[in-house]
Every structure is written in structure tokens, then in C-alpha cells.
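A.B. asks: structure of the sequence below:
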Amino acid sequence: MILRRVARPLLAATFVYGGINVLRNTQSHAKTAEPFLTDAFDKLEGVIPEQVPRDPATLVRIDAAVKIGAGLAFAAGKAPRLTSALLLGSLVPTTLAAHSFWTFQDPADKKKHQIQFLKNAGLAGGLMLAVADTAGKPSVGWRARRAAKDAGHGVEKLGRKAEKRAKKLAKKAEKALPN
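C.D. replies: Coordinates of the predicted model:
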């Protein structure tokens, strides 16, 4: 559908551009993300495996790579439900790290970050729609329910056939027995 061919690249453009911007200015983004990441790692101590990097610069580069890779794939219509879920998963911590407007005292800063927070909330809404969009095909849940229903009908049919066959065999056996 033409709507998807236009909407996906428009939605993805923000993420691709943002990811490229992060790679160009990794240190400033890492500095912004560091308090959020430190707090998150402190709260999740013992839950997150040791192999997960803790360095803010590395984490923002990984986030940028996800935004660029998933954004380009989403724009091209490749695995759109998966890539939109990846973008959504990337957007939430980025928004909380960079635009927690409630922590700002200066009214101008607070307003600027509140606008960015709400813009990201709108992007999240669009991504949620994309995650749920089956492009007119039945969802996995519907297909599973349909398969279970069809299997149930098949079992019922086999049961009726078996019952008929058992009755025929019982009649045959009755006839074969001496009186």
C-alpha cells in the first residue's frame, strides 16, 4: 500500500538522522546519557550480565547503530514489525536519558525538553502502530486460533469416523458370533 511506502521512510528518517548525529557527536551524547545509565545500572545490579558494556560512549554508539540499521530497514519495508520494535526499544531509554523535562529547574530548558519528550512520545505512538501493523495479513494470534479451531474440527471429524467404523465392526462381530 502506498501509505506504508510513504509513512515508513518518514517515520524512520528521524531515527537515521539521529543515529548519524550521535556517531558524529558521541562524547556529548555519552555525557548526557551517563547519569541515566549509571542510575539504571545501579538499580539493575546483578540482573544485567557482566558482558553488557557499561561505558556510556559504547552504549550510545550501539544505540546509534540500532537507530541507523533498524531505521533504514524499516524505511525499506524489511521486517517492519521487528525493526519498528527495535526503534521503539531504542527510543524509550534515549527519551528518558535526554529529555526528562521534570528534572529541569529553568523554565526555558524545561519547556524545550518537554516539547522533545512529547515529540518522542508521538514517535513512540507511530512505532507502536507499526509494530501492530500486519499489512492486511492475519496476525500470528489469529492464525494460531484459526489453526487450533481447524485442528479441533479435524479431531471431531476423525472421532465421528472412528465411531462409525467401531459400529460397523461391532455389527460384523455380532453377525460372526454363533447364536
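A.B. asks: kindly state the domain boundaries assigned to this structure.
C.D. replies: The chain breaks down into these domains under automatic domain parsing: 2-132, 138-179.
A.B. asks: now those as CSV including mean pLDDT?
C.D. replies: Conversion of the domains of the chain to CSV gives the following (pLDDT from 0 to 100):
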stretch, mean pLDDT
domain 2-132, 95
domain 138-179, 86
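A.B. asks: please identify the deepest-packed of those.
C.D. replies: Each of those was given a mean neighbour count from mean count of other Cβ atoms under 10 Å, and the largest, a mean of 15, is that of domain 2-132. (Each C-beta comes from the backbone N, C-alpha and C, glycine too.)
A.B. asks: and that domain, how far apart are its ends?
C.D. replies: With Cα to Cα, to the nearest Å as the measure, the ends of domain 2-132 fall 18 Å from one another.
A.B. asks: from the chain's centre, how far out does that domain sit?
C.D. replies: What separates the centre of domain 2-132 from the centre of its chain is 13 Å, taken as Cα atoms, centre = their mean, to the nearest Å.
A.B. asks: for residue 86, give me its contacts.
C.D. replies: Contact partners of residue 86, counting by Cβ atoms under 8 Å, 6 or more residues apart in numbering, are 66, 70.
A.B. asks: how near is it to residue 67?
C.D. replies: Applying Cβ to Cβ, to the nearest Å, the value for residue 86 to residue 67 is 9 Å.
A.B. asks: what do you get for residue 105?
C.D. replies: Following Cβ to Cβ, the distance that separates residue 105 from residue 67 is 30 Å.
A.B. asks: likewise residue 52?
C.D. replies: In this view, residue 52 and residue 67 are 19 Å apart by Cβ to Cβ.
A.B. asks: next: residue 47.
C.D. replies: Separation of residue 47 from residue 67 (Cβ to Cβ): 25 Å.
A.B. asks: again with residue 41
C.D. replies: Taking Cβ to Cβ as the criterion, residue 41 is separated from residue 67 by 21 Å.
A.B. asks: tell me the secondary structure at the most centrally placed residue in the chain.
C.D. replies: The central residue of the chain, meaning the one whose C-alpha is nearest the mean C-alpha position (Cα atoms, centre = their mean), is residue 85 at 2.6 Å. Secondary structure assignment for residue 85 (DSSP: H, G, I helix; E, B strand; the rest coil): helix.
A.B. asks: cool, residue 42 as well?
C.D. replies: Residue 42 ends up helix, using three-state DSSP.
A.B. asks: and residue 60, backbone torsions?
C.D. replies: As for residue 60, its main-chain torsions (degrees, to the nearest 10) stand at phi -70, psi -30.
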